[in-house]
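please find the sequence and the predicted model below.
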Amino acid sequence: LATPPPRRTVTAIHRPPPPPRSMADFRFNLQDITRLFTSSGPALPESDLEMVLEADRDYAGVASSSGSDQDALDAARFRLAWALAHSKRTGDGARAVALLEEGGGHSWGNTVLARDRLYIAAVAHFNDGDYLAARGSAEAVLRVDAGCRQAEALKTAAEDKIAKDGLIGIGAVGVGAAVLGGVLSVLAASGRRR
């Protein structure tokens, strides 16, 4: 007797809803709204001051060495940029982005891929709270490598932060308008009593 083929378990694949075609189709469900206000962003590693200082010393040592080759310099520069981008200290993200850019007397060789430099720049922007620049850098990564999951996750997190900031801004404008309306109504009422 032939044995039957083993049963295959089919799992449902979660597919995101299609994008809205018009504003009438745009709806948030409770889960989307909850995700906007509870999302802390992607799980990014964090570097401490000691890691940044060590990477800075290594880069300075390689840069000052007359026998350093381009690959060693690029690797040390990228390690420093990575440590700065993942730091929570003010100013470290901007320094990381500056290190990752071409120019300033430095031209990147082939050791560090452009995709990696763009992604670390996106992380630096995200950690600095510049979510528009983070989204732009993540989109640049995806133009170079459409399958980069890290860039996709970072882009989504940046878009969530942009949406959250927009909702908070709209709420603040609404509260301001209500206060202004209240003040104007009190002034109008006091003007009529005189």
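Thanks, I have the structure now.

please make it C-alpha for all contacts and neighbour counts, starting now.
Noted.

for residue 47, what are phi and psi?
Backbone torsions for residue 47, taken as degrees, to the nearest 10, come to phi -100, psi 150.

quick check, it in contact with residue 79.
No. Assessed by C-alpha atoms under 8 Å, residue 47 is found out of contact with residue 79, at 11.2 Å.

give me the mean pLDDT for the helix or strand harbouring residue 60.
Using DSSP states H and E, the element containing residue 60 is helix 49-64. When pLDDT is averaged along helix 49-64, the result is 92.

how far off helix 49-64 does the helix or strand just after that helix point, in degrees?
Per DSSP H and E, the first helix or strand lying C-terminal to helix 49-64 is helix 70-85. Counting by axes from the mean of the first three to the mean of the last three C-alpha atoms, to 10 degrees, helix 70-85 points 160 degrees away from the direction of helix 49-64.

what residues of stretch 118-131 count as buried?
118-128, 130-131 (16 or more other C-alpha atoms under 10 Å).

likewise for stretch 88-95?
If you call a residue buried by 16+ other C-alpha under 10 Å, then stretch 88-95 has these buried ones: 88, 92, 93, 94, 95.

cool, stretch 130-148 as well?
Residues 130-142 are the ones in stretch 130-148 that count as buried (16+ other C-alpha under 10 Å).

which one's more surrounded, residue 47 and residue 79?
Neighbours per residue, other C-alpha atoms under 10 Å: of residue 47 and residue 79, the larger number sits with residue 79, 20 against 16.

ok, the more buried one - contacts?
The contact partners of residue 79, by C-alpha atoms under 8 Å, 6 or more residues apart in numbering, come to residue 55.
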